[in-house]
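A.B. asks: Let me see the structure of the following:
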Amino acid sequence: MPAIRSVRTVLLSSPYADAEDPEIKECFPNGPKRTIGMVELTLDTGTNGIGEGYLAVFAPLVFKSIVELLTPYLVGRDAFDIPRRVADMRSVCDYWSLQGAARHVISAVEIALWDAMGKTKGQPVHALLGKAEAQSLQIYGSGGCCDRKEQFLRELDLLESKGIGLYKIRSVKTDLRRTAWVLEEAAARGIGVGVDMCQNLADPPQSVADAASFIEGVARLTSVPMVFVEEALGPDAPENFRALRERIDVPVYGGEIITTPKEMIDRLEAGTYDGVQPDASVIGGISAVMEVFAAAGPAGVRVIVHAWGGPAAIMASYHAAFAGGGDLVEWPMLYHPLTDDMIGGRARIVDGRLLRPDAPGIGVSLTPEIEARYPFDESAVYSCMLADYGPPPDEYWTR
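C.D. replies: Numbering: from 1, shown residues only. I've put the predicted structure just below:
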């Protein structure tokens, strides 16, 4: 079997979103640019594989350091024995990072191994994982990081142009009128809306009563229902999600920051969520997402892959969704030319559905030209210390 000849960290920084988007104002102190961290493995056959870990959006140099720590335990080893390679990396990292940062890096290497295997065999990764029955999957447009009507309308126009009938926005518990306004504007175009309450960054997070009051308050302002509510509570108290599910009739989704399949499976089996959102670049790679799919079916829980990273992260989650029998995937709407350049036409959307990617590997390209176009900028990091930028007053949404 081919052996791993070399391991390389690739940090690239790309323009991102719009300087006027609230997420940029809150979380990107140095402006609209985001860093993506990838691992490039080269096999002794000359074939390479690309993987990505979400960690580099927040701490790119930490990502690079962990890759360097793992490299001696990868070089010279069998590239196609992916379970063994993951076990080796866990042996190095689990004592000090069973959950968290190292899992993102393990994810990147695991994805790169699948990519290299797919390229070697001339098959898309989903075909290596099992027969993908679906030719396409429904997508939802993931955006709504907006505080002005014209920003929402621009995103709704984009969704309409692609035939996409589901839209995810970001709201906090005080955004009652704003949320109701979006629900009604979207409904007029035949588009449903789910709401991400962004509590995966909140410290302390809101309570069950806060989340329920928000959902009930929006329902008093409009008869248009939410399609789902996501990350409505903090991640460290799964029993609160169960309590929320008992209080509301909106499906409760979550789990994007969970970094081990065991934790996500324990939660779904305990009735924490109506739908779980594993991310291949966070939870340990493509194999970990497949474990979640296998457990979710018997538990009656929907799996909707999270895809908010860069090109390799998005494509890895998409391949897992096709192989696992998913029926809905996230499509990030914010401007990110690096993702567009690396994916190219290998993730096509037709009539609101993602067509099954059939290029060998995960379907991303990394060229010297792309690397030169997006040089690493150490200042391009996401800050979880949210800045208060002062959104429009509540009255703005009633005019």
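A.B. asks: the strands in the stretch 101-250 of the chain, which residues?
C.D. replies: 136-142, 166-170, 192-196, 229-230 (DSSP state E, counting those that start in this stretch).
A.B. asks: Save those strands as CSV, and put in mean neighbour count too.
C.D. replies: Heads up, the C-betas are built off the backbone N, CA and C, glycines and all. Listed next are these as CSV, based on neighbours: other C-beta atoms under 10 Å:
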stretch, mean neighbour count
strand 136-142, 21
strand 166-170, 23
strand 192-196, 23
strand 229-230, 26
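A.B. asks: Would you reformat those strands as JSON lines and include distance to residue 90 and mean pLDDT?
C.D. replies: Formatted as JSON lines, those follow (distance: least, C-beta to C-beta, whole Å; pLDDT from 0 to 100):
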{"stretch": "strand 136-142", "distance to residue 90": "30", "mean pLDDT": "98"}
{"stretch": "strand 166-170", "distance to residue 90": "32", "mean pLDDT": "98"}
{"stretch": "strand 192-196", "distance to residue 90": "30", "mean pLDDT": "98"}
{"stretch": "strand 229-230", "distance to residue 90": "29", "mean pLDDT": "98"}
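A.B. asks: And these: which comes nearest residue 351?
C.D. replies: strand 136-142 (8.4 Å; C-beta to C-beta).
A.B. asks: can you give me how far that closest one is from the chain middle?
C.D. replies: 13 Å (C-alpha atoms, centre = their mean, to the nearest Å).
A.B. asks: how many neighbours does residue 346 have?
C.D. replies: 19 (other C-beta atoms under 10 Å).
A.B. asks: What strand or helix carries it?
C.D. replies: Using DSSP states H and E, residue 346 maps to neither a helix nor a strand.
A.B. asks: which ones are touching the spatially most central residue of the chain?
C.D. replies: Nearest to the mean C-alpha position of the chain, by C-alpha atoms, centre = their mean, lies residue 307 at 2.7 Å. By C-beta atoms under 8 Å, 6 or more residues apart in numbering, the contact set of residue 307 is 142, 279, 313-314, 317-318, 329-332.
A.B. asks: if we can go back for a sec, can you lay out the strands of the stretch 101-250 of the chain as JSON lines showing distance to residue 219?
C.D. replies: JSON lines is the format used below for the strands of the stretch 101-250 of the chain (distance: least, C-beta to C-beta, whole Å):
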{"stretch": "strand 136-142", "distance to residue 219": "21"}
{"stretch": "strand 166-170", "distance to residue 219": "16"}
{"stretch": "strand 192-196", "distance to residue 219": "12"}
{"stretch": "strand 229-230", "distance to residue 219": "12"}
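A.B. asks: about what we covered before: if we take the contacts of residue 307, which one ends up nearest to residue 359?
C.D. replies: So of these, ranked by how close each gets to residue 359 (C-beta to C-beta), first place is residue 318, at 11.7 Å.
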